[in-house]
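Asker: Here's a sequence, model it:
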Amino acid sequence: MSTHTYKKFESGDSGDLPDKMTIYQDCMTQFNESPVNAKRCRILISRLLRLLANGEVFPETEATALFFSISKLFQHPNDSLRQAVYLSIKELSGISEDVLMATSSIMKDVQNGSDLVKSNAIRSLSVVLDESTAFSAERMLKSAVVSKNPTISSASLVTSYHLLPISENTVKRFSNETQEAVVDLKPFPQQDIIGDYYPNSTFITQYHALGLLYQLKKNDKMSLLKLVRQFADSNNLKNQLAKVQLIKIVNELVQRDPQLFPQFQGLLYHWLSNKYESVQIEVTKVITSFAATNQRLVSPELFAVAVQTLQSLLTVPRVTTKFAALRILNRLSMVSPDKILICNPELESLINDSNRNVSTYAITILLKTGTEKNISSLISTITKFIHEVSDDFKIIIIDAVRTLSLNFPQEWKAILNFLIDVLKNGEGGFKFKNNIVEALIDIVSFVPQSKELALENLCDFIEDCEFNEILVRILHLLGKEGPFTSNPSLYVRHIYNRLVLENSIIRSAAVVSLSKFALSKKDTSLRKSIVSLLKRIANDPDDEVRDRAVIALQFIENSNERISEEFIQSKYTYDFQSLESVLSVYMNNNSDSFETPFDVSNVRKITEDEAKALELKRKQDQLHNSRLEAIETCTADGSINNERADAATYAGPSSAEDQSELLASKYADELLSIEEFKPFGKLINSSNVVSLTEPEAEFVVNGVKHILKEHVIFQFNITNTLNDVALDNVAVTCTPEDPDNAILEELFSIPIDRLLPSTEGAVYVAFKKSEEIVMEGFLNNLTFTTKELNPETNEPFEGDEGFEDEYEIDSIFLNAGDYIKNSFVGDFTTVFDELPNEEVAVYNIQENITVQEVIDKIIVNTSCLPLENTQFAQSESNSHILKLFGKSALTGVKIALIVRIVKSSKGVALKAQGKSENATLCADLINSII
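Answerer: Model prediction:
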């Protein structure tokens, strides 16, 4: 068998790995022969290296035997064999014992070997030396650094780089020689060249020397500044990688101290016109990434030139350069899409690029920078292109179009026609088709005027759809939206076809969807027909289909119409986080063998418009997070990273997207579990978390305002950051800012008995309110008794009475926004015009803040949902219109806001116009908008 494997490997065309034991035995035999066959030994070493490169592992004893057998080949003077020996030594050193024994042979070659093998010998030193023997190589490495042969000098510098973790002090002693290597232009020695060919030096030594100098001086800011000034002003740097390294050092400096950026602007401007494309790419990356976080320190002229440089790089023939430029532009399109509009002509020309990576990137950037004027032409261009790419690229394009549909809902017709065309005519797998259907569902949900056209086309699609999951999803959508269209009977036929032609899974979904049309107010004649259909389906051979049909008939034929609507076409849904929590409590507290029925009244309900608002808010947060990730990625890519390339592996999805729902469920459960609050009734609304202390304070306090029907509860989450100190009887004293006109009446407070180090607890203060909407501010004081802990028991010392103390924290304000919930409306302008009560207020902010910061503050203060993608302002725009919509958490009345923002040299001016069904709520919210 070994002979067969060995002979099979003799064929040069064979792709199989050689037999490990055969190679081991042959190596042990051939390497110990006398005389040594150099050619045969080189072949065996190459096969051994191939085994190791493909993950084969030798036991330590066998690896050690191989190592010492190979070391015997040092006796042979053949240079080609010697090079192979050094490669094998580097590979085997990690799994062998006593590798130090080869040090003397390697050093002998470093001192007296030919130039051909000297560089290989120097590189091998880094794997055989340790901290105790590294000093012995100092003299040899120092002389090799200043060698006139560039390969020897580079090998010495790279070896020194790898010796830094082992013996940094040794490497530091020849830093002067390293600095000389940066400016010393080393050509290849002519006397070693045989023939007419003479290689041109790439001056790679400069790159290796500069990288080593950075590692030696990276913790010394002034040394790095001196290094940059020394090599940036001269023309000594000939190697493009060395120039890229110098730019990375500049980026490292400005990331540490942003105030240094202005003094480097002239240098960066000069580098933008460098003849090397890699240098231009690196400079534009530094400028754009720094501008994403420190926009005010980057001159508009420099940023514009950087974008123009990227624009010119899109026209070069090299694919790698175009792809690198597109990556930078893609990140910019997430942060400042308006700044790269000048690149659109070049991007459009890349749509038909032969490299699909380039073309797909170009399309996604164009979609992110799209405006109302060019969306239609862009969609028509993509329609011709999308059928030619693979599913992976199609999904990327569909996701970009899906985001575009939320940003520009008024362009829904062009987007909808594109998605329908791709859905019907495009070929692809489940993931591709599912992404299109999800995009269509988003359009139906958030652009009501598109509903009927989208549903009709989805009905045509399900006639030929082969994926059960997609069919069930579409049937659910038809049942949810179909009964409220102008012609519900149109969809009944398509749903009934699924009952006749499909499997039991589809039939079950179709029964539920069909039953919802029986309650349609648009066409009351459907009820009788659907009842007849359901009676026929009640004889279905599948249990699930049959049971669903019987249950649906029971509800439809029920004389109580309210019960029928509640169970078949419900106007609300349950909060799943709250439902899970309450069910868990019910299952764990089983004391009567479940004789007590589960009480669903304790589960928070969400209306349809609230559910849509939560979904839209989640999508807006995803878009915002993608922008932040783009900024972080730009910054990370532009800096020198010492971590492994595979360190940032995907850690799975986080719960950040559902944070608001999770917190609301958590607060409701916590309040329900406290006996004192049970008579207060249900929790209606909870505010966002408000920081009342600095994050680095001794006691970190966050406040949450809970609104109930006749009560208000302040929750103070307190974290003890002191070590070895416990806090007893922790309470918060709330004093009205205007005691004479206070409306809230304090009832009681619930303190924390004991707060141990690094733990969090909650203090509650309950108030009774005499009016529906109360706006009031409170001065807060944290009171507690400190007790020193016994480190052995982690309890206070016996007899320690403690020391009473207090700590002042920030005020907490109850404002109109705390009584508002997010709510969604499809046609904002129509609803705004229909609301009866109007209020207008004008503000002038003297602070030096951006328009985007004002928008963020208004959204937080009002607790309303931003619509029509108005939550983002263009980066350099001095004016913006913000549209917000919400409803009262107490009464459900609607409120809509239009805020016009203008920034000038004197500050930021706001004009807030609000309309609502409740004049008092409208006035209160408008007058506390900022």
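Asker: Paired strands for the strand with the most length in the chain, with orientation please.
Answerer: Using DSSP state E to assign secondary structure, the strand with the most residues in the chain is strand 776-790. Sheet partners assigned to strand 776-790 using DSSP bridges are listed as strand 725-736 (antiparallel), strand 795-796 (antiparallel), strand 803-814 (antiparallel).
Asker: Tell me which of these sits most buried.
Answerer: For these, the largest average neighbour count (mean count of other CB atoms under 10 Å) is found in strand 725-736, namely a mean of 19. C-beta here means a position set from N, CA and C on the backbone, and glycine is covered the same way.
Asker: gap between it and the chain center?
Answerer: Put simply, strand 725-736 sits 39 Å off its chain's centre (CA atoms, centre = their mean, to the nearest Å).
Asker: Same check on stretch 567-575?
Answerer: Here stretch 567-575 shows a centroid-to-chain-centroid distance of 33 Å under the convention CA atoms, centre = their mean.
Asker: Tell me the buried residues in it?
Answerer: Ile568, Gln569, Asp575 (16 or more other CB atoms under 10 Å).
Asker: could you give me the average pLDDT of that stretch?
Answerer: Per-residue pLDDT values over stretch 567-575 give a mean of 75.
Asker: ok, now stretch 428-442?
Answerer: 88.
Asker: Now do it: distance to the chain's middle.
Answerer: Averaging C-alpha coordinates over stretch 428-442 and over its chain gives two centres that are 22 Å apart (CA atoms, centre = their mean).
Asker: Identify the residues contacting it?
Answerer: The contact list for stretch 428-442, computed with CB atoms under 8 Å, 6 or more residues apart in numbering, reads 391, 394-395, 398-399, 401-402, 405-406, 416, 419-420, 422-423, 426, 454, 458, 465, 467, 469-470, 473-474, 477, 619.
Asker: Restrict these to the buried ones and give me that as a ChimeraX selection.
Answerer: Selection command for ChimeraX covering only the buried members of the contacts of stretch 428-442, criterion 16+ other CB under 10 Å:
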select :391,394,395,398,401,402,405,406,416,419,420,422,423,426,454,458,465,470,473,474,477,619
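Asker: Take stretch 309-328, keep the C-alpha atoms, and write them as PDB.
Answerer: Extracted in PDB, the C-alpha atoms of stretch 309-328 (Å, rounded to 0.1, in the frame of the first residue of the first chain):
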ATOM      1  CA  THR A 309      -9.100  61.000  -6.100                       C
ATOM      2  CA  LEU A 310     -11.500  58.100  -5.500                       C
ATOM      3  CA  GLN A 311     -13.500  59.200  -8.500                       C
ATOM      4  CA  SER A 312     -10.400  59.000 -10.700                       C
ATOM      5  CA  LEU A 313      -9.400  55.600  -9.300                       C
ATOM      6  CA  LEU A 314     -12.700  54.200 -10.500                       C
ATOM      7  CA  THR A 315     -11.600  54.700 -14.100                       C
ATOM      8  CA  VAL A 316      -8.300  52.800 -13.900                       C
ATOM      9  CA  PRO A 317      -8.000  49.400 -15.600                       C
ATOM     10  CA  ARG A 318      -6.800  47.400 -12.500                       C
ATOM     11  CA  VAL A 319      -9.700  45.600 -10.800                       C
ATOM     12  CA  THR A 320      -8.100  45.600  -7.300                       C
ATOM     13  CA  THR A 321      -7.700  49.400  -7.400                       C
ATOM     14  CA  LYS A 322     -11.400  49.900  -8.400                       C
ATOM     15  CA  PHE A 323     -12.600  47.500  -5.800                       C
ATOM     16  CA  ALA A 324     -10.600  49.200  -3.000                       C
ATOM     17  CA  ALA A 325     -11.900  52.600  -4.100                       C
ATOM     18  CA  LEU A 326     -15.500  51.200  -4.100                       C
ATOM     19  CA  ARG A 327     -15.100  49.800  -0.600                       C
ATOM     20  CA  ILE A 328     -14.200  53.300   0.700                       C
END
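Asker: Please pull up the helix or strand immediately following the strand or helix carrying Leu406.
Answerer: Secondary structure assigned from DSSP states H and E places Leu406 in helix 391-407. Downstream of helix 391-407, the first helix or strand assigned by DSSP H and E is helix 412-425.
Asker: other SSEs contacting that next one?
Answerer: The elements that helix 412-425 packs onto, with contact taken as 3 or more CB pairs under 8 Å, 6 or more residues apart in numbering; DSSP states H and E, are helix 375-386, helix 391-407, helix 430-446, helix 451-462.
Asker: Columns distance to Asn837 on top of those, output as TSV?
Answerer: As requested, those are exported to TSV (distance: least, CB to CB, whole Å):
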stretch	distance to Asn837
helix 375-386	36
helix 391-407	30
helix 430-446	27
helix 451-462	30
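Asker: just to revisit the earlier point, report the mean confidence score over the helix holding Leu406.
Answerer: Average pLDDT, helix 391-407: 81.
Asker: what packs against that helix?
Answerer: Identification of packing neighbours for helix 391-407 by 3+ CB pairs under 8 Å, 6+ apart yields helix 356-368, helix 375-386, helix 412-425, helix 430-446, helix 608-638.
Asker: Give the next helix or strand downstream of the least confident helix or strand in the chain by mean pLDDT.
Answerer: With mean pLDDT, DSSP states H and E as the measure, the helix or strand of the chain carrying the lowest mean pLDDT is helix 2-10 (a mean of 41). Under the assignment DSSP H and E, the closest C-terminal helix or strand after helix 2-10 is helix 20-30.
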